[in-house]
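> After the sequence you'll find the predicted model.
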2 protein chains.
Amino acid sequence: MLRTHTCGELRLTDVNQSVTLAGWVQTIRDKGGVLWIDLRDRYGITQLILEEGVTSPDLFARARTLGREFVLQATGTVVERKAKNPNISTGDIEVRPTALDVLNPAKLPPFLIEDDTDGGDDLRMKYRYLDLRRNPVRRNLELRHRMAQQTRLYMDGQNFIEVETPVLIKSTPEGARDFVVPSRMNPGEFYALPQSPQTFKQLLMVSGFDRYYQIVKCFRDEDLRADRQPEFTQIDCEMSFVEQEDILNMFEGLVRHLFKSVKGIDLADVPRMTYADAMRLYGSDKPDTRFGMQFVELKNASGDVDLTSGKGFGVFDSAELVVGINAPGCASYTRKQIDELTDWVKRPQIGAKGLIYVRYNEDGSLKSSVDKFYDEATLKQWADRFDAKPGDLILLISGDAGKARKQLNELRLEMGSRLGLRDPNVFSTLWVLDFPLLEYGEEEQRWFAMHHPFTSPKPEDIPLLDSDPGAVRANAYDLVINGTEVGGGSIRIFNRQLQSRMFSILGFSDEEAKAQFGFLMDAFEYGAPPHGGIAFGFDRLCSLFGGADSIRDFIAFPKNNSGRDVMIDSPSTISAAQMKELSIATVKEAK
Amino acid sequence: MLRTHTCGELRLTDVNQSVTLAGWVQTIRDKGGVLWIDLRDRYGITQLILEEGVTSPDLFARARTLGREFVLQATGTVVERKAKNPNISTGDIEVRPTALDVLNPAKLPPFLIEDDTDGGDDLRMKYRYLDLRRNPVRRNLELRHRMAQQTRLYMDGQNFIEVETPVLIKSTPEGARDFVVPSRMNPGEFYALPQSPQTFKQLLMVSGFDRYYQIVKCFRDEDLRADRQPEFTQIDCEMSFVEQEDILNMFEGLVRHLFKSVKGIDLADVPRMTYADAMRLYGSDKPDTRFGMQFVELKNASGDVDLTSGKGFGVFDSAELVVGINAPGCASYTRKQIDELTDWVKRPQIGAKGLIYVRYNEDGSLKSSVDKFYDEATLKQWADRFDAKPGDLILLISGDAGKARKQLNELRLEMGSRLGLRDPNVFSTLWVLDFPLLEYGEEEQRWFAMHHPFTSPKPEDIPLLDSDPGAVRANAYDLVINGTEVGGGSIRIFNRQLQSRMFSILGFSDEEAKAQFGFLMDAFEYGAPPHGGIAFGFDRLCSLFGGADSIRDFIAFPKNNSGRDVMIDSPSTISAAQMKELSIATVKEAK
């Protein structure tokens, strides 16, 4: 090794030892007769000290020519520091070099290699290898490594076998858009990159592997947003001879293990909520449960409450749903603040028609934007229903039930953020259960699988498949942490007839179903066990554990929003010869 | 869970317990009044017993209708077996069912789900999910899982960080053929799938990650042979601030750990040999060192030996090299056997012009196929050089040195096999060092990197880069086990000028080098540490540990020799709409 110790290793007990370190020059401080060099590697920083009169003049002169990020090998003696630095692990000592070797000089980096850098996004993506030197980014990837380690430790301990499934598979029309790979040996044909190893893990269950997992790359050719990448990583799992309860327990165990081993947090039992309740109470199938502010309905379609009709307020009278949240302590909001909030919910992204407020003043009086229609007694009724207290502010949205809930969900999250109730270092988990099996695509005029076509309906709902497909609940579940879906899965269909019926409901002809998934339906006839599984979005889980919003800095070499790796400049054109070998040609788009 | 125990779990201590098992019907034996069912899962086999008069008549009748591979749930009581079966872990007990539930019936499998199956290759590939049920295949994948686990354990223990590198990267002209992926968002452009994460792991070293590893899928669009797959898995590693010796020690440690933890074998120190010696002594850069039979030269180009010239045998007189092996105990080979061996080396795949033998008879006399030219005294001289003993058979090949060595290598391996010296359960390891940096492509009339363009020449050989490129040795090394290259790597270039010079030697123009690898050469200017690494072929390593020749049964879902997955029928055509979105078209080959 070109070093005897790392830059994070030396302590007081090493004083007087002769050591060789190697690393990067973080900083050089030149105070006339004394030079301090902070030498950095992955493990820490060690201070080198050179003093005129003590260090050889030649060495001292050479040290002065060093620049930031030079790769340096330093041999010298460990000495106790006069001014200790309690902020770093090596802060008790420093090294007096007797030899310095520049292993590689460095040009001035295009941005500061420090925790707070002056580099913009584009520059940091282009020089990703320099950005990765910064502590926060490096720590993210170290966290990711620990998460993967601990995941494997848990899964191995539960008798799961890690099996690698293929990357070159077959394109299927269901789901998101596939990336495809032309086959040279089979001209005119293409492989597809997997959106998930779904069918393969199910086949492994048919094979009797019993418990499978894999930390695996998956691919979706979708338009990208800040938190989406064309290639992403899943913790992919499947178990045989299980019911939903078994999967929930097993993977609650995984999440508990990760919180404990990586964050030192003892996770409480993960609460459970049906999809229907989540939509009713939060307007979302992935509610952020770090804070309350559950929805309260003043009028709904089922008619079990109506505290708004018949008072002459047409907006509420004609609404399917009048629903609100109680923002605690927000009675102090000024008219201007409320107007600003109203504008916020009326933005096209949210699309509310308006926002009604009821202010529960500290003196116990109530003031609302609909005082014209509702007297204080009615407002008091409303406030009671919200369990509001003096000082609170009730915010109401009305209209079509689905839309109103979606809009109020956005408002609730916004108010949670404004009230500081969404601390990224507080973790609140939730299982959302009993998802609908199907959702209707208005545009395509057909049913789509809400999870995927292999999800089992609840046995008791199977009779509804023909009469009321939208009411069929699935044996499907999502794990939600802090309002983010970090994992989802289902108990699978394992019977050919039912699988075939699902494909038919999804608009596949028999021929299409056979051509695409015949192998799976065949497999179900050769002794398929009951099975189910789950997949966690690993990038997302890591970013959540890291307390960050974006997954990008938890991926070593991410792509930008156009799917480009700007560092290596990919994708790029390929040669005509390559295309000829692959029997393909590029086609200019007709504009 | 649909079971209380697995089928490999119950013991005598469980007698009288009520249990529920679930698994596959392996066999049913019906002996009139008694039915035995072997119920199988991943963990083992448990025998169920049903007896007329004891078991309810209804249950007994139903049990008779079960077929092989039915998925069965059985509830009953554990009882001690009368006739114990020491061959299985549950052989002391059996279960008397009080309830049997067919969870899924099964059609008759197209081949026997037994250790020795009657299924041919094609059928087993098509029904891979059934082939995976067989013990030998399942055990291979369990072995693979353990190998991966133990690899991670070792690497984690040595402070390596597992970092995921991207799968959608950039096509480069050097090396094997790339698989490419058209980019929808960047029309006319393509990603490539990585042949290895080479440049990314080097960038991670530039980033200061210090020690990186990954068990990672790689891709090569090459014509396939039995032991090659278009997608394969590497244990990919890189370290900073190291010299060759450090890498050899670190990864000898990994291999030693794997042998110990997976096979229970204490591996001796791995011997080392230069490439030059390996070629001279074995005619191969991956010699099988399970057996001796090293090459002995009777005449060579350096002239340090010539025991053949001037005796009138033109074949030897005109040969650059006369080289042979001593096959111990083979003097008993008949003339017919030797003729057959001669035909074997003359086959086009090997291409020898002929084979000369010297038989060292048990009585001490010597008999050769060149008795016309060489007297017994000369033959004795040869025999002494070979250290041959009475009873041995010397086999000689001559001609161009390179070709003769290659041919003799094949013959040596063949003789090793015939003599039973290549036991797959005996392991012999070897580091091969000091590979040439470059090899000349006669067809292309240019130099190629023997390892890859990032391999560092030995510093002392750099002056030869211009004068005698073929003589430049690389800081490159291969780990060979039983004649198979299981891993290879090198110390890398980390200096822009040298890297640029390498590209120029390889025929890249400055522009090409910049366009393809500019990011890496740029990175070298921002403080790149000395670094090196290695990659192991994980599929191959697993098959070697499993004592098998083919990697195919150590991959869950392999492709056939045409790159097809016959189970899912991939690759396949994609829709015109998909191609339009991707701005590509297929082109019919002009025949």
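Done, it's in.
> Tell me the residues of the stretch 1-150 of chain A that contact chain B?
A:1-3, A:6, A:22-24, A:40-43, A:69-71, A:73, A:103-107, A:109, A:127-130, A:132-133, A:138, A:141-142, A:144-145, A:148-149 (CB under 8 Å from any CB of the partner chain). For glycine as for every other residue, the C-beta is placed from the backbone atoms N, C-alpha and C.
> Check the stretch 351-500 of chain A too.
A:494-495.
> ranges for the helices of the stretch 351-500 of chain A?
A:376-385, A:401-418, A:464-467, A:496-505 (DSSP state H, counting those that start in this stretch).
> How about the shortest one, which residues are buried there?
Residues of helix A:464-467 classed as buried by neighbour count (16 or more other CB atoms under 10 Å in any protein chain shown): A:464-465.
> Distance from it to the middle of the chain?
35 Å (CA atoms, centre = their mean, to the nearest Å).
> which of the helices of the stretch 351-500 of chain A sits most buried?
Of all the helices of the stretch 351-500 of chain A, helix A:401-418 carries the top mean neighbour count, a mean of 20, counting by mean count of other CB atoms under 10 Å in any protein chain shown.
> CA atoms only: put that helix into PDB for me.
The C-alpha trace of helix A:401-418 is given here as PDB (Å, rounded to 0.1, in the frame of the first residue of the first chain):
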ATOM      1  CA  ALA A 401     -65.700  14.400  -4.100                       C
ATOM      2  CA  GLY A 402     -62.600  13.000  -5.900                       C
ATOM      3  CA  LYS A 403     -61.300  16.400  -6.900                       C
ATOM      4  CA  ALA A 404     -62.100  18.100  -3.600                       C
ATOM      5  CA  ARG A 405     -60.100  15.400  -1.700                       C
ATOM      6  CA  LYS A 406     -57.200  15.700  -4.000                       C
ATOM      7  CA  GLN A 407     -57.100  19.500  -3.600                       C
ATOM      8  CA  LEU A 408     -57.500  19.300   0.100                       C
ATOM      9  CA  ASN A 409     -54.600  16.800   0.300                       C
ATOM     10  CA  GLU A 410     -52.300  19.400  -1.300                       C
ATOM     11  CA  LEU A 411     -53.500  22.100   1.000                       C
ATOM     12  CA  ARG A 412     -53.100  19.800   4.100                       C
ATOM     13  CA  LEU A 413     -49.500  19.000   3.000                       C
ATOM     14  CA  GLU A 414     -48.800  22.700   2.500                       C
ATOM     15  CA  MET A 415     -50.200  23.600   5.900                       C
ATOM     16  CA  GLY A 416     -48.200  20.800   7.400                       C
ATOM     17  CA  SER A 417     -45.000  22.300   5.900                       C
ATOM     18  CA  ARG A 418     -45.900  25.800   6.900                       C
END
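> Just the buried ones among the residues of the stretch 1-150 of chain A next to chain B, please.
Listed as buried from these are A:1-3, A:6, A:22-24, A:40-43, A:69-71, A:73, A:103-106, A:109, A:127-130, A:132-133, A:138, A:141, A:144-145, A:148-149; burial here means 16+ other CB under 10 Å.
> Those residues in helices, which ones?
Using DSSP state H, the members of these that fall in helices are A:128-130, A:138, A:141, A:144-145, A:148-149.
> Tell me the one of the residues you listed nearest A:K403?
A:R144 (38.2 Å; CB to CB).
> That closest one and A:Y129, how far apart?
To A:Y129, A:R144 is 17 Å away according to CB to CB, to the nearest Å.
> Brilliant, that's me finished.
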